[in-house]
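A.B. asks: Quick check, what structure comes out for this input:
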Amino acid sequence: MAKTWAVSFQERERMELERIILDGDERSALDFLKQVIYPQVKESEKPGSCFHDPSIPVDKLDRTVERQKKLGSF
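C.D. replies: From the prediction side, this is the model:
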């Protein structure tokens with residue numbers, strides 16, 4: 001069974017991603033993956049993670065939405 005991950009960006013991170021793409025900046029692209037994307041993927045693997053199976057309604061999760069973690073700042 002395949003897993004699906006969602007990635008959340010702050011405005012500053014979205015702008016940095018846009019700059020990386022427009023400039024073709026390969027070094028910054030790798031840094032972005034390491035500092036923003038990868039931490040979110042690793043966090044999603046932890047038990048009780050704020051990332052969840054979308055087939056499970058949010059009201060059935062162990063942790064309330066207010067307690068979700070803020071990940072990856074660039």
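
A.B. asks: Could I get the full set of helices for the chain?
C.D. replies: 11-23, 26-32, 38-44 (DSSP state H).

A.B. asks: mean pLDDT lowest for which of these?
C.D. replies: With a mean of 84, helix 38-44 has the lowest mean pLDDT of the helices of the chain.

A.B. asks: hmm, back to that, can you redo the helices of the chain as TSV with mean neighbour count and distance to Trp5?
C.D. replies: Where you see a C-beta, it was placed from the backbone N, CA and C, and this is true even at glycine. Shown next, in TSV, are these (neighbours: other C-beta atoms under 10 Å; distance: least, C-beta to C-beta, whole Å):
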stretch	mean neighbour count	distance to Trp5
helix 11-23	13	16
helix 26-32	13	16
helix 38-44	14	6
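
A.B. asks: Nearest to Thr4, out of those helices?
C.D. replies: Nearest to Thr4 among the helices of the chain is helix 38-44; the distance by C-beta to C-beta comes to 10.1 Å.

A.B. asks: other SSEs contacting the closest one?
C.D. replies: Judged by 3 or more C-beta pairs under 8 Å, 6 or more residues apart in numbering; DSSP states H and E, helix 38-44 is in contact with no other helix or strand.

A.B. asks: okay if I get the helices of the chain as TSV plus distance to Thr4?
C.D. replies: Listed next are the helices of the chain as TSV, based on distance: least, C-beta to C-beta, whole Å:
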stretch	distance to Thr4
helix 11-23	20
helix 26-32	21
helix 38-44	10
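
A.B. asks: burial of Trp5, as a residue count?
C.D. replies: Using other C-beta atoms under 10 Å, Trp5 has 10 other residues around it.

A.B. asks: Isn't it up against Glu43?
C.D. replies: No: with contacts counted by C-beta atoms under 8 Å, Trp5 stays clear of Glu43, the gap being 10.1 Å.

A.B. asks: Phe9 reaches Ile37, doesn't it?
C.D. replies: No: using C-beta under 8 Å, Phe9 is not in contact with Ile37; the gap is 9.5 Å.
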